[in-house]
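>>> Okay, here's the prediction I keep looking at, along with the sequence it came from:
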Amino acid sequence: MHSPEIPTDRQTWESPIAYYWWEDEILISLSKSTLRTVETIKANVAIVQTITGNKPTPLLIYLSKSPIPDKETQSYSKTQLPLIYSSMAMVSKPGLAQFIMRLLFSFQKPPIPMKSFTDAEKAKHWLRSH
């Protein structure tokens, strides 16, 4: 698994925690290795809502290793996911996405369909089926 380059042949957006672009009706996100806070999540949600016209959309996110956010940020993130995404495929090295899923959703089901992958094409196929 390797992260893609930020494309130069289409519009891209940058938030405090990620870069975004569209690819075949799927929003692609390349996450940054920065600490997530309630403030950076709020800023990210606002940018994603601008990109998507405030309509929840499928997201393919290339995860990067980043510091573990505090409980307040984790809780806030969970409330925001269904507002901006309809489903989420996480692409990462083996183990990273599973660790994040356990961290965020150890005691409850994710609020949207979520699945982790090491292969981006399989992730895109799964997103198209949701």
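Great, that's in hand.

>>> what about the helices in the protein?
38-52, 71-84, 96-105, 120-128 (DSSP state H).

>>> Dump those to CSV, plus mean pLDDT.
As requested, those are exported to CSV (pLDDT from 0 to 100):
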stretch, mean pLDDT
helix 38-52, 98
helix 71-84, 92
helix 96-105, 65
helix 120-128, 96
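
>>> of all those helices, which lies closest to Leu63?
Of all the helices of the chain, it is helix 96-105 that lies closest to Leu63, at 5.5 Å by CB to CB. C-betas here are computed from N, CA, C, even on glycine.

>>> quick revisit: how about the helices of the chain in JSON lines, adding distance to Trp22 and mean neighbour count?
As requested, the helices of the chain are arranged in JSON lines below (distance: least, CB to CB, whole Å; neighbours: other CB atoms under 10 Å):
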{"stretch": "helix 38-52", "distance to Trp22": "8", "mean neighbour count": "16"}
{"stretch": "helix 71-84", "distance to Trp22": "14", "mean neighbour count": "15"}
{"stretch": "helix 96-105", "distance to Trp22": "22", "mean neighbour count": "15"}
{"stretch": "helix 120-128", "distance to Trp22": "12", "mean neighbour count": "16"}
